[in-house]
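Trainee: Attaching a predicted model along with its sequence, questions to come.
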Amino acid sequence: MQIMLTELTNGFGKVYLTIEYDAANRWVYNNWLGYQTYIGIIAGADVCLHPLREHACSYLLNDNRQVIGPWDHAVQWIVEDWAPRASKQGLTHFAHVVSPESLAALSAEAMHLGIGGRLQMRMFSDYAEAQTWLHKAQQQARRA
């Protein structure tokens, strides 16, 4: 299994995001960790566009299970700036695994509502369910 890993660190040298292209599953996997700043979210979301473009990848598995606190400060930017660019370069399916932490989950819900019909986006509390949804979407795309 070929996986290319990118790690982004905050000003304290702590990893706040890992980005991997998972060749076996043909998707990009983002694992967000800890508290998320506006600057960090913008940097991370922009960096994740590179493997999506490089591998002509239409599927993103965005994991927020380890996120602490809200990230409302970046929802508008994600909806108005990042999502249209991601869609334009070919992203079609966005599986978002929410943090059990309620404030982070509320931010995810606001993002989901804002993105609306631009992408096929679903929110999950279970990681395996998110993977299954992406696999089914890939199977449907192959049949089409």
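Mentor: Thanks, I have the structure now. Numbers count the residues shown, from 1 in each chain.

Trainee: For Phe120, which residues count as its bridge partners?
Mentor: Actually, residue 120 is Gln. It isn't Phe. Beta-bridge partners recorded for Gln120 (DSSP bridges): His93.

Trainee: okay, now it: neighbour count?
Mentor: Other residues lying near Gln120 total 16 when counted by other C-beta atoms under 10 Å. The way it works is simple: take the backbone N, C-alpha and C, and place the C-beta from them, glycine included.

Trainee: Would you quantify the distance from it to Gln66?
Mentor: According to C-beta to C-beta, to the nearest Å, Gln120 and Gln66 sit 24 Å apart.

Trainee: do the same with Met4
Mentor: Counting by C-beta to C-beta, the gap from Met4 to Gln66 is 21 Å.

Trainee: Give me the next element, helix or strand, following the strand or helix carrying Ile19.
Mentor: Using DSSP states H and E, Ile19 sits in strand 15-22. Proceeding N to C from strand 15-22, the next assigned helix or strand is strand 27-35, under DSSP H and E.

Trainee: And the residue nearest the centre of the protein?
Mentor: The chain has Asn62 as the residue nearest its centroid, 3.0 Å off, counting by C-alpha atoms, centre = their mean.

Trainee: Tell me where this structure is predicted with low confidence.
Mentor: 1-3 (pLDDT under 70).

Trainee: the strands in it, which residues?
Mentor: 3-9, 15-22, 27-35, 59-68, 93-97, 120-124 (DSSP state E).

Trainee: Same list, these, but as CSV with distance to His112 please.
Mentor: Converted to CSV, the strands of the chain look like this (distance: least, C-beta to C-beta, whole Å):
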stretch, distance to His112
strand 3-9, 23
strand 15-22, 19
strand 27-35, 15
strand 59-68, 11
strand 93-97, 7
strand 120-124, 6
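
Trainee: Can you tell me which of those strands is most buried?
Mentor: Most buried of the strands of the chain by mean neighbour count (mean count of other C-beta atoms under 10 Å) is strand 93-97; its value is a mean of 23.
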